[in-house]
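S.K.: Okay, structure incoming, though there's no sequence with it:
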């Protein structure tokens, strides 16, 4: 036993010798800022601000053709002048002038005023801005540069000003404006026009309303449209004729909830609106007729019309931007950031005067990595779909629904109807199969008998490499019984049925083994090219470990790499399950002291994260290697992962930074041999998830932070030349692990149900799989019998 321990230690030391240096290799993702895009005059390109850079997209290919890295913090508006210089304005008053050809910042000007929007760049010395802050005072100002002074300064002339501001709108030409204010529960909308020299063309009209607005729009002709919180759109045609005192609006009614986005077409013939219904509405003002484009991916927050009136850019509530053609309303471009489902996000306030034992809230979010493609799979904030994100291209690949939902938006009482939530995602080691778990809890509405009937679905998906899409093959309702939740799911190693198997762990401690089986073969039509039979594969439960006790939120499972052993963590107890017989053969010593959160087996070590402790246990020598005190939330398992090839533990801890009283995170890399970190780093915002990236030659982890950015932490040193040689030692060591526990087996604690032993599951057709890729030269059981009978009967006698 000592020799095994020494050999294990030498293997571990060889793994971490070359891992002394790590660094952040790339940062991708993020949420699209709420900044309106710019259509170029040629109508071939669109400029979009992402969370990390400015991007220029070509409509013909729908690809990014140019990117400009810059700090996107506090950017409120972008503007393209006549010289093709891009002006980037920040709310602090700093404006950067960028040359799109050289992708460099030519100049920066600090206006020292809070900018909201750039209305026009009249010349190099004159600027028209909308400045101020909402709920305070907003102004339209005319800034002139002082040429005589050495230091750069500006003379400010106020064109229009409104106190107690609530909203604003600028026409496409920049010559009409609408500013709203709210005082004593009375909303007043101030509407004005400007001449060619940006002087007031007349008196400002004041429209008073008792129905509060949610959005504003003003046309180039001075027509005012107000979207209300109740869903009615009021159109004022004669605002300037009577200074707005007696203007009677024309009401457009279709929206049920607040109208959050409103815009005029360039010819002033249409009003385009959107809201929580996820429907884009077109209103023809002359005929009062409307046309609807339903089933968008999110609530519509803003609408931007290009200078040719042929394209519309929509910003949706899920952080996605869609560009539609005004001719056929087909999508021309779709750009999205990350749309992760966070438990909660940090508050903007500083965490002052907190106690020493203050527990940082749970900021985690689910995130998974497909070992075949390396793409990130992120359950979205809506809960019922998964977003696939390519970190190499830094763009969304696609989204697909895991569970059926209401396609239209939800308004008013409909918001009580929640969508199903994706709880777990797991992949086989080859990435060809995916298992998902989704739950749905009916709304607590009066009179519904099913209000507390929780629905749980386990689904198995097969990846089609031809089109890159997932196809649902099997759906299992209530896989562990009526209303029982699945708390953990893991996939098998490649040594077990080519890795095509999953283990699920129920909230009552029960475990079930799922494996695929071929139900039937569907023959292709005669005459078809490459006519090969299509196999319909279904997944079914093969083995069952009965429940242990009543329900608990503390349950997790781990499967050894040699597929011989399963560790079940339930409450504060760890059970050793023989994977062959599916029986509990041993109970490990009480090393946790609190409820289990997450566990994993790496070589001969069991790594367990409990509520108050992180423990590394030596399964061969039956002793605790080390443990540290660590407070973890219910979803603490999302903040830890392991690199099984190098025996590394990656751990993220969110904490409060002093004396700033702000939230930050610390990332630790540890070895199974020692609790002393071999690498540490800090991050400016909390971490929500950390996942190991399989298939990399060097250790690599992908982190998700609360800014929805994906951060890759990777070793900067190359792997040692003897890494492959050490793999043979590790494989042999893992193989001995199963033999060791087979000798230690006592009388089983819990008997298992083995569905593989049931004879009626075996059919004649199921034996055909045995002859796949065989050297017998036969394709099925029938062909084998024909060949055997031919040999036994011998050659036909000669006459």
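M.R.: Structure received. Computed from a predicted structure; not experimentally measured. Numbers count the residues shown, from 1 in each chain.
S.K.: Distance-wise, check residue 619 relative to residue 494.
M.R.: Distance, residue 619 to residue 494, by C-beta to C-beta, to the nearest Å: 21 Å. Glycine gets a C-beta too; all of them are placed from N, C-alpha and C.
S.K.: In terms of neighbours, single out the busier of these two.
M.R.: For the pair residue 619 and residue 494, the greater number of neighbours falls to residue 619 (19 against 14), based on other C-beta atoms under 10 Å.
S.K.: surely the more buried one meets residue 608?
M.R.: No - counting by C-beta atoms under 8 Å, residue 619 sits too far from residue 608 to count as a contact (11.4 Å).
S.K.: Buried ones in stretch 420-439, by neighbour count?
M.R.: Going by neighbour count (16 or more other C-beta atoms under 10 Å), the buried part of stretch 420-439 is 420-429, 431-439.
S.K.: average pLDDT for that stretch?
M.R.: Across stretch 420-439, pLDDT averages out at 95.
S.K.: Now do the end-to-end distance for that stretch.
M.R.: 5 Å (C-alpha to C-alpha, to the nearest Å).
S.K.: What lies in contact with stretch 70-86?
M.R.: Stretch 70-86 has contacts (C-beta atoms under 8 Å, 6 or more residues apart in numbering) with 33, 35-38, 40, 47, 49-54, 87-92, 96-101, 105-106, 115-118, 121.
S.K.: show me where the stretch 451-600 of the chain has strands.
M.R.: Taking DSSP state E, counting those that start in this stretch, the strands of the stretch 451-600 of the chain run over residues 455-464, 469-477, 486-491, 502-506, 511-522, 534-545, 555-559, 565-570, 573-578, 583-587, 596-602.
S.K.: The second one packs against which elements?
M.R.: Identification of packing neighbours for strand 469-477 by 3 or more C-beta pairs under 8 Å, 6 or more residues apart in numbering; DSSP states H and E yields strand 395-401, strand 455-464, strand 534-545.
S.K.: ok, it: who's next to it in the sheet?
M.R.: Its sheet considered, strand 469-477 pairs with strand 455-464 (antiparallel) by DSSP bridges.
S.K.: Buried residues of the partner strand, list them for me.
M.R.: Residues of strand 455-464 classed as buried by neighbour count (16+ other C-beta under 10 Å): 455-463.
S.K.: Can you lay out those residues as a markdown table showing distance to residue 193 and pLDDT?
M.R.: Formatted as a markdown table, the buried residues of strand 455-464 follow (distance: C-beta to C-beta, whole Å; pLDDT from 0 to 100):
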| residue | distance to residue 193 | pLDDT |
| --- | --- | --- |
| 455 | 58 | 92 |
| 456 | 61 | 95 |
| 457 | 58 | 96 |
| 458 | 63 | 97 |
| 459 | 59 | 97 |
| 460 | 63 | 97 |
| 461 | 58 | 96 |
| 462 | 62 | 95 |
| 463 | 59 | 94 |
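S.K.: just those now: which is nearest residue 387?
M.R.: Checking the buried residues of strand 455-464 against residue 387 with C-beta to C-beta, the nearest one is residue 461 at 15.2 Å.
S.K.: Let me have the helices and strands packed on strand 469-477 in a markdown table, extended by distance to residue 386.
M.R.: What follows is the helices and strands packed on strand 469-477, written out as a markdown table (distance: least, C-beta to C-beta, whole Å):
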| stretch | distance to residue 386 |
| --- | --- |
| strand 395-401 | 6 |
| strand 455-464 | 10 |
| strand 534-545 | 19 |
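S.K.: closest one to residue 576 among those strands?
M.R.: strand 534-545 (11.9 Å).
S.K.: and the angle from the closest one to strand 555-559?
M.R.: Relative orientation of strand 534-545 versus strand 555-559 (axes from the mean of the first three to the mean of the last three C-alpha atoms, to 10 degrees): 120 degrees.
S.K.: quick one: strands adjacent to strand 534-545?
M.R.: The strands that strand 534-545 pairs with in its sheet are strand 511-522 (antiparallel), strand 753-754 (antiparallel) (by DSSP bridges).
S.K.: Confidence-wise, which of these is weakest overall?
M.R.: Out of the strands paired with strand 534-545, strand 753-754 stands lowest, with a mean of 56 (criterion: mean pLDDT).
S.K.: my guess is residue 296 meets residue 276, correct?
M.R.: No - between residue 296 and residue 276 there is no contact, the gap being 10.9 Å when judged by C-beta under 8 Å.
S.K.: Just the mean pLDDT for stretch 390-400, thanks.
M.R.: Confidence for stretch 390-400, expressed as mean pLDDT, is 93.
S.K.: thinking again about what came up before, distance to residue 402 for the strands of the stretch 451-600 of the chain - can I get that in JSON lines?
M.R.: What follows is those, written out as JSON lines (distance: least, C-beta to C-beta, whole Å):
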{"stretch": "strand 455-464", "distance to residue 402": "7"}
{"stretch": "strand 469-477", "distance to residue 402": "9"}
{"stretch": "strand 486-491", "distance to residue 402": "14"}
{"stretch": "strand 502-506", "distance to residue 402": "16"}
{"stretch": "strand 511-522", "distance to residue 402": "17"}
{"stretch": "strand 534-545", "distance to residue 402": "16"}
{"stretch": "strand 555-559", "distance to residue 402": "22"}
{"stretch": "strand 565-570", "distance to residue 402": "26"}
{"stretch": "strand 573-578", "distance to residue 402": "29"}
{"stretch": "strand 583-587", "distance to residue 402": "33"}
{"stretch": "strand 596-602", "distance to residue 402": "23"}
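S.K.: quick one: which of those is nearest residue 199?
M.R.: Proximity to residue 199 (C-beta to C-beta) singles out strand 469-477 among the strands of the stretch 451-600 of the chain, at 58.4 Å.
S.K.: now that closest one: how far from the chain's centre is it?
M.R.: 21 Å (C-alpha atoms, centre = their mean, to the nearest Å).
S.K.: go on, stretch 488-501?
M.R.: 25 Å.
S.K.: That stretch - what's its average pLDDT?
M.R.: Average pLDDT, stretch 488-501: 93.
S.K.: For residue 616, which residues are in contact?
M.R.: Residue 616 sits next to 605-608, 624-627, 649, 672, 675 when contact means C-beta under 8 Å, 6+ apart.
S.K.: right, I mislabeled it, should have said residue 681
M.R.: 22, 24, 666-667, 713.
S.K.: Out of the residues you listed, name the ones that lie in strands.
M.R.: Among those, DSSP state E puts 22, 24, 666-667, 713 in strands.
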